[in-house]
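Peer 1: no sequence on hand, only this structure:
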């Protein structure tokens, strides 16, 4: 019995191609994740991601990872048919025939811990919560919504509640928005364009003011705005609250800075302060007897194991986000945070690791 299914389509070399993913429940109550693909109207190939049936939690995790991989891949798969109710079909080009493209994103450097106190005391620097999700860029063009992965620039599916909320407040203008996708909630923290007007040259406090006005008319909880703490007292309170809530960290933002894509060689006008270290790593192997997995770097170096208490293990080869205290040969106090569909495997390098005493023993 099929309990969940989605059909994706994309342009092919000689027409359109499709990819269908299904969760099937067997007579014994266990589940399998199966797939079919091929050219629309042509021959069909099929297979399974679960040679051995699994529990529904594991099946759902495998299903989600496979669908995300296809929708974020170079083929630009999008949901169609009945399953399209879950996702918005993107507007791949405007009526002027110019392709919609993801703009270069701003990437953050880590803040020097020695300057945290001085930044918190500086009125030109605001503090915001750093949400733990996937960096995305949303384009609203001619009443259609297109969502890109902010780091890779690849097209991805936009959850319907987000697309519908943006359409309700977008009127006929075009918007290009920068944010973090956490589950099915889009947290917006910057804006590139409003009704064809380039906003990137304006100081951040003006861009953020537009976002706050956007929030005032937003009827849905699917789209939220990342608020900023401006006063010294508010910044201190936000940092304390973020730590108590076990947030990933906070971001220091220069209120007077324009939007500058890319990552500076050092410093910058947007600096992140992570309360614990995190790294994007690749699932190397599932433990045969325990609900745990080994993780590795892009070069194949294994650097630790992670116990998956109450969570399904993502498939081998999946890029995952791992939080840890520090690395000392292997990761200490490693905790699985989630799948990182927006991070390519080649970015899982040793350079991102935090070592005890700040020194890489292999350097």
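Peer 2: Here it is on my side, so go on. Here the structure is a predicted model, which is why all the values come from computation and not from measurement. Residues are numbered from 1 along each chain as shown.
Peer 1: and residue 205, how far from residue 47?
Peer 2: Distance, residue 205 to residue 47, using CB to CB, to the nearest Å: 53 Å. The way it works is simple: take the backbone N, C-alpha and C, and place the C-beta from them, glycine included.
Peer 1: now swap in residue 140 and tell me
Peer 2: In terms of CB to CB, residue 140 sits 37 Å off from residue 47.
Peer 1: higher neighbour count, these two?
Peer 2: The neighbour comparison of residue 140 against residue 47 (other CB atoms under 10 Å) goes to residue 140, with 22 against 10.
Peer 1: domain ranges for the chain?
Peer 2: 2-86, 109-274, 277-358 (automatic domain parsing).
Peer 1: hmm, residue 182 is touching residue 132, no?
Peer 2: Yes. Contact status for residue 182 versus residue 132: in contact at 6.8 Å, counting by CB atoms under 8 Å.
Peer 1: strand partners (parallel or antiparallel) of the host helix or strand of residue 18?
Peer 2: Here residue 18 sits within strand 15-25, counting by DSSP states H and E. With DSSP bridges as the test, strand 15-25 is paired with strand 2-12 (antiparallel), strand 31-39 (antiparallel).
Peer 1: turn these into a markdown table, including mean pLDDT.
Peer 2: As requested, those are exported to a markdown table (pLDDT from 0 to 100):
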| stretch | mean pLDDT |
| --- | --- |
| strand 2-12 | 82 |
| strand 31-39 | 90 |
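Peer 1: now the ones you listed as a markdown table including mean neighbour count?
Peer 2: Formatted as a markdown table, those follow (neighbours: other CB atoms under 10 Å):
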| stretch | mean neighbour count |
| --- | --- |
| strand 2-12 | 17 |
| strand 31-39 | 18 |
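Peer 1: with distance to residue 291 added, can I get the ones you listed in TSV?
Peer 2: Converted to TSV, these look like this (distance: least, CB to CB, whole Å):
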stretch	distance to residue 291
strand 2-12	22
strand 31-39	17
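Peer 1: looking at those strands, which is closest to residue 192?
Peer 2: strand 2-12 (26.4 Å; CB to CB).
Peer 1: list the contacts of residue 4.
Peer 2: 22, 23, 60, 63 (CB atoms under 8 Å, 6 or more residues apart in numbering).
Peer 1: beyond the host helix or strand of the third one, next helix or strand please.
Peer 2: Residue 60 belongs to helix 56-72 when assigned by DSSP H and E. Past helix 56-72, heading to the C-terminal end, the next element that is a helix or strand (DSSP H and E) is strand 78-79.
Peer 1: output the contacting helices and strands for that next one.
Peer 2: strand 2-12 (3 or more CB pairs under 8 Å, 6 or more residues apart in numbering; DSSP states H and E).
Peer 1: can you check what angle separates the strand it packs on from helix 56-72?
Peer 2: 10 degrees (axes from the mean of the first three to the mean of the last three CA atoms, to 10 degrees).
Peer 1: and residue 178, how many neighbours?
Peer 2: Neighbour tally, residue 178, other CB under 10 Å: 21.
Peer 1: spatially nearest residue to it (excluding sequence neighbours)?
Peer 2: residue 190 (3.9 Å; CB to CB, 6 or more residues apart in numbering).
Peer 1: residues touching that neighbour, list them.
Peer 2: 106, 177, 178, 179, 204, 207, 208, 211, 259 are the contacts of residue 190 under CB under 8 Å, 6+ apart.
Peer 1: now do the strands in the stretch 251-363 of the chain.
Peer 2: Secondary structure of the stretch 251-363 of the chain by DSSP state E, counting those that start in this stretch: the strands cover 270-274, 277-286, 292-296, 302-307, 319-324, 326-328, 330-332, 335-339.
Peer 1: quickly run through the sheet partners of the host helix or strand of the residue nearest to residue 178, with directions.
Peer 2: Secondary-structure assignment from DSSP H and E places residue 190 in strand 185-194. Here strand 185-194 is paired, per DSSP bridges, with strand 175-182 (antiparallel), strand 197-198 (antiparallel), strand 223-225 (parallel).
Peer 1: between the helix or strand encompassing residue 146 and strand 175-182, how big is the angle?
Peer 2: Element membership for residue 146, per DSSP H and E: strand 144-149. Relative orientation of strand 144-149 with respect to strand 175-182: 50 degrees, computed using the same axes, to 10 degrees.
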